[in-house]
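here's my sequence, what's the structure:
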Amino acid sequence: MRCFVVVALVAAIFTLLVQAQSDGLKVTATRTLDVSSQIVKSTVDLQIVNGGKSSVSSILYSLSESEAAKLSWIQANAEKKDGKKLKIQSTQGAGTPKGQVVFKIELPAPLAVGQTTNVLVRAQITQALRPFPAKISQSENQFVVYSGNALLGLPYVVEKETTTIKYGSGKLIEFTAVEPAKQNGGSIVYGPYSNTPANAIKPITVHYENNSPFLVVKSLERWIEVSHWGNIAIEEQIVIEHHGAELVGEFSRLDYQMDRRGARQPVVKSFKTHLPVSARDIYYRDQIGNISTSTVTKRANKVEIELKPRFPLFGGWKTDYVIGYNVPSMTFLYNKGNDYALKVPFIDHVFDNAVIEKAVVKIVLPEASSNIKVVNPFDLTRKPDEVHKTYLDTTGRTVIVFEKENLIDSHSQAVTVYYEFERYLLLREPLIAVVFFSVIFVTFILLSWCNFSIKDKPEVHQKKE
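Down below sits the predicted model:
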């Protein structure tokens, strides 16, 4: 009974919150959905006028449950794309409308009565496009289906809203017409719609050609080893799979080479990885050995590597590889006395429009590091620390382990690790090496003086004259 009362109370509070915030707010929305790659990229420009009787410090934004389940990244900014970043978090409660996930966005300052503000909400949803047909032959193009809502479905009455779906230059098979709706070039425009009710839903589907690479990183293990002797070593073990329409029938190398579609083929021939501009000693290999079919190009602010797998990747095919490099410590490591700060990207740019299902990042700190603190740029799962032992180590090095699922390029942000390290400890490993070799040399000298023969040496007598 008490549990029921608590649930009812939470539901009532959430309902009152929504009603209080929606009362008097006049909302105009413009949404753009880019579905030309394997990621659904949403950009929503909200214009909000406070027509109520009191100031408002936050607004609500919502996604469908199916979108929220595949949501990789969401960000809200004030006024424009490069405006102030706003705090956004899920506010699920018992009063949440069925099938919806509600987010609360904190405004930079309370919106007074009669004032207007703009909020830009950007989100990226992964694995939301379904190949249809699910299997194709080598000579066929890939078609996918996008399912969504012609309306935003906000928890407010929206005075006016428009949705534009950009599907690229491929062929459009069909789309759901929710009038007014029109197709223009590589886009479909839904609306404008006026005075749409709160949480309104008008389901739509768009069936179109999409030959972009549906390349997904099944697993990524990133190893970052920090040395105070001037180097940081980074290595990644990566398994990738093409999640597009599966290839049926036999693969023909001749047909593949003679295909005139070029880049429009639904196949991955190569992809470009970006590394830090100071990266050196780069290697790219798999279980067989070194892969020499790669090209390294140094740009102004990055090192670009074009990686070519040993075979083209069609739908359903996968491969794995290892890529590694070194960077000078000064690239990511900063210190003041015995206090150190390591600021290193959580992931590199694996390839354009990358989707990473699971990433494990391990940061190996120098031995005897203490007072370790971590600042995450986004929500991460931190696993129990591990210990790694290598040459001349005694107690071992602390390994900080992170895990994160459903990542994209926007997660290529710096993780900051603060720690303390006594500088005199830098001499410990050289001293261990000196003592070790000194003991060996002394041992050999002593052994050379010892007589281990079983038979005594014959005495030498001097002949008398």
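
point out where the chain drops to low pLDDT.
1-23, 80-82, 93-95, 393, 424-433, 452-465 (pLDDT under 70).

which residues in it form helices?
For the chain, applying DSSP state H gives helices covering 2-22, 65-69, 253-258, 428-449.

how about the spatially most central residue of the chain, what does it touch?
Taking C-alpha atoms, centre = their mean, the centroid of the chain lies closest to Leu407, which sits 3.0 Å from it. Counting by C-beta atoms under 8 Å, 6 or more residues apart in numbering, Leu407 touches 72, 347, 354-356, 359. Backbone N, C-alpha and C define where each C-beta goes, glycine included.

what is the nearest of these to Asp379?
Ser72 (11.8 Å; C-beta to C-beta).

contacting residues for that closest one?
Applying C-beta under 8 Å, 6+ apart to Ser72 gives the contacts 39, 124-126, 355, 406-408, 410-411.

how close does it get to Gly315?
Distance, Ser72 to Gly315, by C-beta to C-beta, to the nearest Å: 22 Å.

cool, and Tyr256?
The value you get for Tyr256 to Gly315, if C-beta to C-beta is used, is 14 Å.

compare these two (neighbour count), which wins?
Of the pair Tyr256 and Gly315, Gly315 is the one with more neighbours under other C-beta atoms under 10 Å, namely 21 against 15.

hang on, that one packs against Phe214?
Yes. The pair Gly315 / Phe214 is scored as a contact, 7.4 Å apart, by C-beta atoms under 8 Å.

list residues touching both of the two?
131, 142, 242-244.

adding neighbour count, write the residues you listed out as a markdown table.
What follows is these, written out as a markdown table (neighbours: other C-beta atoms under 10 Å):
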| residue | neighbour count |
| --- | --- |
| Pro131 | 19 |
| Gln142 | 21 |
| His242 | 22 |
| His243 | 21 |
| Gly244 | 28 |
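
put together a markdown table for those residues, with distance to Val303 on each row.
Formatted as a markdown table, the shared contacts of Gly315 and Phe214 follow (distance: C-beta to C-beta, whole Å):
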| residue | distance to Val303 |
| --- | --- |
| Pro131 | 34 |
| Gln142 | 31 |
| His242 | 25 |
| His243 | 28 |
| Gly244 | 29 |
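
identify, from those, the entry nearest to Lys202.
Pro131 (24.6 Å).

which non-adjacent residue is nearest that closest one?
Ala245 (4.0 Å; C-beta to C-beta, 6 or more residues apart in numbering).

mind checking how far the one you found is from Gly316?
8 Å.

then Lys104?
Lys104 is 41 Å from Gly316, by C-beta to C-beta.

quick check: Val387 touching Val401?
No. When contacts are counted by C-beta under 8 Å, Val387 is not listed as touching Val401 (11.2 Å).

do a quick rundown of the strands in the stretch 1-150 of the chain.
25-34, 39-50, 56-64, 71-78, 85-86, 88-90, 100-111, 116-126, 130-131, 135-136, 143-149 (DSSP state E, counting those that start in this stretch).

nearest to Gly185 among those would be which one?
strand 25-34 (13.9 Å).

and the nearest residue to Thr297 once chain neighbours are set aside, what does it touch?
Nearest non-adjacent residue to Thr297, counting by C-beta to C-beta, 6+ apart: Glu304, 4.7 Å away. Glu304 makes contacts with 272-275, 296-298, as judged by C-beta under 8 Å, 6+ apart.

closest to Glu236 among those residues?
For those, the nearest to Glu236 is Thr273 (9.2 Å; C-beta to C-beta).

right, and that closest one touches Leu307 too?
Yes. Thr273 is within contact range of Leu307, at 5.8 Å (criterion: C-beta under 8 Å).

these two: who's more crowded?
Thr273 (23 against 19).

distance of that one relative to Ile39?
Distance from Thr273 to Ile39, by C-beta to C-beta: 18 Å.

do you know how far Ser139 is from Leu151?
Counting by C-beta to C-beta - Ser139 and Leu151 are separated by 39 Å.

which one of the two has more residues nearby?
Using other C-beta under 10 Å, the more surrounded residue of Ser139 and Leu151 is Leu151, with 23 against 12.

quick check: that one vs Ala123, distance?
The value you get for Leu151 to Ala123, if C-beta to C-beta is used, is 16 Å.

quickly list what's touching both of Thr273 and Leu307.
Counting by C-beta under 8 Å, 6+ apart, the residues touching both Thr273 and Leu307 are Ile323.

ok, which stretches of the stretch 151-300 of the chain are strands?
Using DSSP E, counting those that start in this stretch, strands in the stretch 151-300 of the chain cover 158-166, 172-175, 181-184, 187-196, 203-209, 215-227, 231-242, 246-247, 271-275, 280-285, 294-298.

alpha carbons of the longest one, as PDB, please.
C-alpha atoms of strand 215-227 as PDB (Å, rounded to 0.1, in the frame of the first residue of the first chain):
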ATOM      1  CA  LEU A 215      30.600  -0.500 -40.800                       C
ATOM      2  CA  VAL A 216      30.300  -1.200 -37.100                       C
ATOM      3  CA  VAL A 217      33.100  -1.800 -34.600                       C
ATOM      4  CA  LYS A 218      32.000  -4.800 -32.700                       C
ATOM      5  CA  SER A 219      34.700  -4.400 -30.000                       C
ATOM      6  CA  LEU A 220      37.600  -2.000 -29.400                       C
ATOM      7  CA  GLU A 221      40.200  -2.500 -26.800                       C
ATOM      8  CA  ARG A 222      42.400   0.600 -26.300                       C
ATOM      9  CA  TRP A 223      45.700   0.300 -24.400                       C
ATOM     10  CA  ILE A 224      47.400   3.500 -23.300                       C
ATOM     11  CA  GLU A 225      50.800   3.100 -21.500                       C
ATOM     12  CA  VAL A 226      52.300   6.200 -20.000                       C
ATOM     13  CA  SER A 227      56.000   6.600 -19.500                       C
END
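
okay, the angle between it and strand 116-126?
100 degrees (axes from the mean of the first three to the mean of the last three C-alpha atoms, to 10 degrees).

other residues contacting strand 215-227?
38, 127, 232-243, 268, 271, 313, 318, 329, 333, 342, 344, 346-347, 350-351, 354-366.

can I have the buried ones of these as a ChimeraX selection?
Of the contacts of strand 215-227, the buried ones go into a single ChimeraX selection, burial set by 16 or more other C-beta atoms under 10 Å:
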select :38,127,232,234,235,236,238,239,240,241,242,243,268,271,313,329,333,342,344,346,347,350,351,354,355,356,357,359,360,361,362,363,364,365,366
